[in-house]
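> Model the structure of this input:
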Amino acid sequence: MAVRIAAAAPRGLRRLFSTHTFVPPPLTQAATATPPAEPSTNLFVSGLSKRTTSEKLHEAFAAHGEVVHGFSKGFGFVRYATLEDAANGIKGMDGKYLDGWVIFAEYARPRPQLPHPENNGSPPSSYGRY
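Prediction:
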């Protein structure tokens, strides 16, 4: 039994120190780069602590302009009164610490439109008929 273990070790080491490496397929440019979002008064904030409240988010971003609304839940949205305030909010808060976490602020992107399903879960009208 000891001979089996000793004989298996070199094969495992051979795999570990192999010169053959995996080369992933090249990424297309569409998959690597997302276009920047259009400037708007609505900002998306990522990297928030789950303990960051909406009030704390509002207070932090209010130092850079007039905040109309703020929402926090591990991520957040902040709506400013003007585009200039929103740009100042990004400059002032992107990459900064809030509640001990580094946060990232950028212009919010609109939700993608989902295709409207033709069948909403109900059977077709001719279901069961021949």
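> In a strand, Phe71, correct?
Yes: checked against DSSP: H, G, I helix; E, B strand; the rest coil, Phe71 lies within a strand.
> just the strands in this structure please.
Taking DSSP state E, the strands of the chain run over residues 42-46, 67-72, 76-80, 97-98, 101-102, 104-107.
> For the closest residue to Phe61 other than its chain neighbours, list each beta-bridge partner.
Excluding the flanking residues, the one nearest Phe61 by CB to CB, 6 or more residues apart in numbering is Val78, at 4.8 Å. From N, CA and C alone the C-beta is placed, and that goes for glycine too. Beta bridges link Val78 to Leu43, Gly70, judged by DSSP bridges.
> which residues does Val78 contact?
Contacts for Val78 (CB atoms under 8 Å, 6 or more residues apart in numbering) come out as 42-43, 45, 57-58, 61, 67, 69-71, 89, 105.
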